[in-house]
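1. Generate coordinates for the sequence data below:
(one chain, ligands or ions: 1)
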Amino acid sequence: MGEIKSMADENRMFPPPKEFVDQAYVKSREEYEKMWKQSVEDPETFWGNLAKDLYWYKPWFKVNREDFAKAEVEWFIGGKTNLSYNCLDYQIEKGKGDKVAIIFQGEPEDDVKKITYKEMLSLVSKFANVLKKKGVRKGDRVAIYLPMIWQLPVAMLACTRIGAIHTIVFGGFSAEALRDRILDAGAKILITANGYWRSGKHVSSKANADKALELCLAEGHTVDKVIVVRRLEDLDVPMKEGRDTWFEDEMAATDIDDVCPAVMMDAEDPLFILYTSGSTGKPKGALHTTGGYMVYAYATVKYVFDIKDTDVYFCTADIGWVTGHSYVVYGPMLNGATSIVYESVPTFPKPDRFWQIIEKFKVNVFYTAPTAVRALMKEGEQWPQGRDLSSLRLLASVGEPFNPEAWLWFHKYIGGEKCPITDTWWQTETGGHMICSLPGAIPTKPGAAGLPFFGVKAVVLKPRSSGDEPAVECDVNEGGELCMARSWPGMMRGVFGDPERFYNTYFIQQPGYYFSGDGARKDEDGYFWLLGRVDDVVNVSGHRLGTAEIEAALNSYEGVAESAVVGFPHDIKGEDLYAYVILKTGVQPSDDLKKALVAHVRKEIGPIASPGKIQFVSGLPKTRSGKIMRRILRKVASGEIDQLGDTTTLADPSIVDEIVAGRQ
Ligand code: PRX
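-> Below is the predicted model:
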């Protein structure tokens, strides 16, 4: 490890190995620059050509139109297509019918199902017919609360086949979080499972789903139909007569045909909604549409993963997050690739499960998150050394900046010093990769996200303090706000049901630009280095959480008067949550109360949102106008108490001493 550390200090660049370059789609920075230039200066030709790799019932008449001042973006205007058709029928037409589309690896080692493109088409068509039988039509919202099992891609592709809008809720979210998403989306149907495997134990999804539906009823919203996958043979769950049916029974019904024509969708017809955290308490439903998302997912998998027909590809993200949408299911299938869906955690039964899966299926391209790498690095290199990882040719990362120590460990022990590592910066909102280094073209700098993908005009702008100031670009290596000067095909088109929020969240901070909410700097070689969020969003183990949401959960607990939550650095998770809590008069602070607060947040949002530290305080550092100075709370939480800065504008500066003294 000593050797690795010193390499990090050298700030080395890692050029792609020659064997990789020789077979790559893009082989040099010059080639990349040329393509990038065309992608932003002549999108009509660049994106038009790429889109022609896919199937359209009717071609577009114009590639793109945008007006950021009105938060309006359109791609492939007038084009008609269907995403499910492109992932299935079109692949079969191209001769890939007998190729494996999805390899499902359950937590039990022998629980494997390989599904070819032809078989997938049959399953998806059947399930699309089941949905139709249940009354689902184009434009209806379908909530999906499923674990990482093969039925999840089947359900997604069935929705998109008939033009239904899926909204997938991560299986780790609580009943309350599921309720909020079902209500906001107005979903009338829910697809769930009786349960799933987690570290040798059964976890029931149905219990949470039932509770969520009761909570929906209390708000006057009825979900009429629930389809339940029997993932665990021997887990009994209550089934509500007239509402709940088994997936397996529905699929086996004699009136269910395995042919279902795909619905012709306009390029701008809604495709899916995926909820993500923002600076306010309410998660926002990022709305993606059909044509642009499809072309972007296709293009990024092709170029960023340099995907080849023979590749076996493994992305460890849960499909409940955007990474799983674009890079477990849609992007790989649009490229006719073989993608692995793994049910469980990296550490079961032993901390070499990922490495064992790579060995077992001879994985060539492996996409994961720095937090997972750090957790597995801690377990030691004997785990990957006990496995044959020689099939790997490319590694990729997402979710947070890749700290050089973990990067170098990944490079050495997983990539055998022969695989390029491409970091990918992007967001739920962006639909696909935005900043990343094409693996055959661009030398990697550990810790940097790299260069903009095709069509992405990324800039770092100085923060503005008033509405009249023009946008000004930062100097080289000067930190600022990462923004996009133009739209790209995969960009979200709105916040479901709340156009104003879309405009206010992304288009007013820097007029004329899409505002990402991330800080960044651009170095002398044009590489972008991400510096974390500039708003009140925290990234815990690659999961994005709004601190306002967690505060709302804490404040709803009896005895809590007020709270403030900030992020602080954590070795494995990247960031963890630190909660400052003011109790109501007469309520005594105690360790039991801390435990109860953690349990309450888990119930309201999910285990991912559990605060790592809670400090009871008598007040918060507020300005005279009542605004919490979060900067101070962040500094205390991360132990930088000698860098608190100016505290004289606080209404009561003495509160800072109390907070510092009681630091957890
Ligand atoms: O802060 C950035 C961080 O994750 C945020 C997006 O989170 P989410 O919408 O949940 O999507 C995660 C998967 C795409 C970003 O605003 N982020 C994501 N990737 C990186 C990153 N930060 C640094 N480097 C990355 N590669």
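2. At the contact with the ligand, which residues of the chain appear?
-> 276, 322-323, 398-401, 423-428, 449, 516-518, 530, 533, 539, 544 (CB under 6 Å from any ligand atom). Just so you know, the C-beta spots here come from the backbone N, C-alpha and C atoms, and that holds for glycine as well.
3. one more time with 8 Å
-> 276-277, 317, 321-323, 397-402, 423-430, 435-436, 449, 516-518, 530, 532-533, 537, 539, 542-544 (CB under 8 Å from any ligand atom).
4. Show the contacting residues for the closest residue to the ligand within the stretch 551-664 of the chain.
-> Closest to the ligand within the stretch 551-664 of the chain is residue 574: 8.9 Å, counting by CB to the nearest ligand atom. By CB atoms under 8 Å, 6 or more residues apart in numbering, the contact list for residue 574 reads 370, 371, 399, 400, 539, 540, 541, 542.
5. Next one: it, what pLDDT does it get?
-> Residue 574 carries a pLDDT value of 91.
6. Compute the number of surrounding residues for the closest residue to it other than its chain neighbours.
-> Distance criterion CB to CB, 6 or more residues apart in numbering; nearest residue to residue 574, sequence neighbours excluded, is residue 400 at 4.6 Å. Neighbour count for residue 400, taken as other CB atoms under 10 Å: 20.
7. Would you tell me which helix is longest in this protein?
-> The helix spanning the most residues in the chain, taking DSSP state H as the definition, is helix 117-133.
8. Report all helices and strands that that helix contacts.
-> Helix 117-133 sits against strand 100-105, helix 151-162, helix 247-252, with contacts defined as 3 or more CB pairs under 8 Å, 6 or more residues apart in numbering; DSSP states H and E.
9. how about a cut-off of 10 Å?
-> The contact analysis (3 or more CB pairs under 10 Å, 6 or more residues apart in numbering; DSSP states H and E) places helix 117-133 against helix 83-87, helix 89-91, strand 100-105, strand 112-116, helix 151-162, strand 189-193, strand 225-229, helix 247-252.
10. before we move on, the earlier item: which two from the contacts of residue 574 end up farthest apart in space?
-> Pairwise distances across the contacts of residue 574 peak at 12.6 Å for 370 and 540 (criterion: CB to CB).
11. any idea which element the closest residue to the ligand within the stretch 101-250 of the chain lies in?
-> Nearest to the ligand in the stretch 101-250 of the chain, going by CB to the nearest ligand atom, is residue 170, at a distance of 10.3 Å. Following DSSP states H and E, one finds residue 170 outside all helices and strands.
12. Could you check how far the closest residue to it other than its chain neighbours is from residue 608?
-> Nearest non-adjacent residue to residue 170, counting by CB to CB, 6+ apart: residue 320, 3.0 Å away. To residue 608, residue 320 is 11 Å away according to CB to CB, to the nearest Å.
13. where do the contact lists of these two overlap?
-> Common contacts of residue 320 and residue 608, defined by CB atoms under 10 Å, 6 or more residues apart in numbering, comprise 170, 172, 173, 543.
14. Let me see the contact set for the closest residue in space to the last one that isn't next to it in sequence.
-> Read it as residue 543. Counting by CB to CB, 6+ apart, residue 543 lies nearest to residue 608, which is 4.8 Å off, once chain neighbours are set aside. By CB under 10 Å, 6+ apart, the residues touching residue 608 are 170, 172-174, 177, 540-545, 573, 577, 601-602.
15. just residue 505 next, same as before
-> 71, 278, 279, 280, 284, 429, 495, 498, 515, 517, 535.
16. unless I'm mixing things up, residue 265 is touching residue 271, no?
-> Yes: the pair residue 265 and residue 271 qualifies as a contact (CB atoms under 10 Å) at a distance of 7.9 Å.
17. any residues in contact with both of these two?
-> Joint contacts of residue 265 and residue 271 (CB under 10 Å, 6+ apart) are 83, 160, 163, 289, 290, 291, 294.
18. Of these, which is the most crowded?
-> Neighbour counts for these peak at residue 294, which has 33 neighbours (criterion: other CB under 10 Å).
19. Any stretches of the chain with poor pLDDT?
-> Judged by pLDDT under 70, the chain has its weakly predicted residues at 1-10.
20. Just want the most central residue of it.
-> For the chain, the residue nearest the mean C-alpha position is residue 322 (3.4 Å; CA atoms, centre = their mean).
21. one step back: neighbour-wise, which of residue 370 and residue 540 wins?
-> residue 370 (24 against 21).
22. Okay, domains of the protein per the record?
-> Here the domain parsing of the chain from automatic domain parsing is 4-82+269-532, 86-263, 537-661.
23. from what I can see residue 430 touches residue 484, true?
-> Yes: with contact defined as CB under 10 Å, residue 430 reaches residue 484; the gap is 8.4 Å.
24. Name all residues that make contact with residue 563.
-> 547, 550-555, 557, 579-583, 597, 611, 614, 617, 620.
25. can you give me the strands for the stretch 1-150 of the chain?
-> For the stretch 1-150 of the chain, applying DSSP state E, counting those that start in this stretch gives strands covering 62-67, 72-77, 80-81, 100-105, 112-116, 141-145.
26. Kindly compare burial across those strands and name the winner.
-> Among the strands of the stretch 1-150 of the chain, ranked by average contacts under mean count of other CB atoms under 10 Å, first place goes to strand 141-145 (a mean of 25).
27. which ones among the contacts of residue 563 are found in strands?
-> 579, 580, 581, 582, 583, 614 (DSSP state E).
28. give the contact list for the third one.
-> Residues counted as contacts of residue 581 (CB under 10 Å, 6+ apart) are 551, 554-555, 557, 559-565, 589, 593-594, 597, 611, 614-617, 620.
29. Of these, keep whichever come out buried.
-> Buried subset of the contacts of residue 581 (neighbour count, 16 or more other CB atoms under 10 Å): 551, 554, 557, 560, 562-565, 593-594, 597, 611, 614-617, 620.
30. I'd like to know which of those residues are part of helices.
-> Among these, the residues falling in helices (DSSP H) are 551, 554, 593, 594, 597.
31. Could you export those to TSV, including columns for distance to residue 649?
-> As requested, those are exported to TSV (distance: CB to CB, whole Å):
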residue	distance to residue 649
551	22
554	26
593	32
594	31
597	30
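32. taking these as a set, which two sit the farthest apart in space?
-> Largest pairwise distance in these, by CB to CB, is 16.7 Å, between 551 and 593.
33. I'd guessed the residue nearest to residue 574 sits against residue 407; true?
-> No: under the criterion of CB under 10 Å, residue 400 is not in contact with residue 407, lying 11.8 Å apart.
34. what touches both of the two?
-> Joint contacts of residue 400 and residue 407 (CB under 10 Å, 6+ apart) are 370, 423.
35. Would you map the helices across the stretch 451-600 of the chain?
-> For the stretch 451-600 of the chain, the helices defined by DSSP state H, counting those that start in this stretch occupy 499-506, 547-555, 591-604.
36. same question, the stretch 151-300 of the chain
-> Going by DSSP H, counting those that start in this stretch, the stretch 151-300 of the chain shows helices at 151-162, 175-185, 205-218, 247-252, 290-304.
37. follow-up on the earlier one: a markdown table for the strands of the stretch 1-150 of the chain, including distance to residue 195?
-> Below are those laid out as a markdown table (distance: least, CB to CB, whole Å):
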| stretch | distance to residue 195 |
| --- | --- |
| strand 62-67 | 45 |
| strand 72-77 | 40 |
| strand 80-81 | 36 |
| strand 100-105 | 16 |
| strand 112-116 | 18 |
| strand 141-145 | 12 |
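38. Determine which of those strands approaches residue 417 most closely.
-> Distance to residue 417, taken as CB to CB, is lowest for strand 100-105 among the strands of the stretch 1-150 of the chain, at 27.1 Å.
39. Output that closest one in PDB with nothing but the alpha carbons.
-> Provided in PDB are the C-alpha atoms of strand 100-105 (Å, rounded to 0.1, in the frame of the first residue of the first chain):
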ATOM      1  CA  VAL A 100     -27.900 -14.000 -23.600                       C
ATOM      2  CA  ALA A 101     -29.400 -10.600 -22.700                       C
ATOM      3  CA  ILE A 102     -29.600 -10.900 -19.000                       C
ATOM      4  CA  ILE A 103     -27.600 -13.200 -16.600                       C
ATOM      5  CA  PHE A 104     -29.400 -13.200 -13.300                       C
ATOM      6  CA  GLN A 105     -27.300 -14.300 -10.300                       C
END
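40. Many thanks, I have nothing further to ask.
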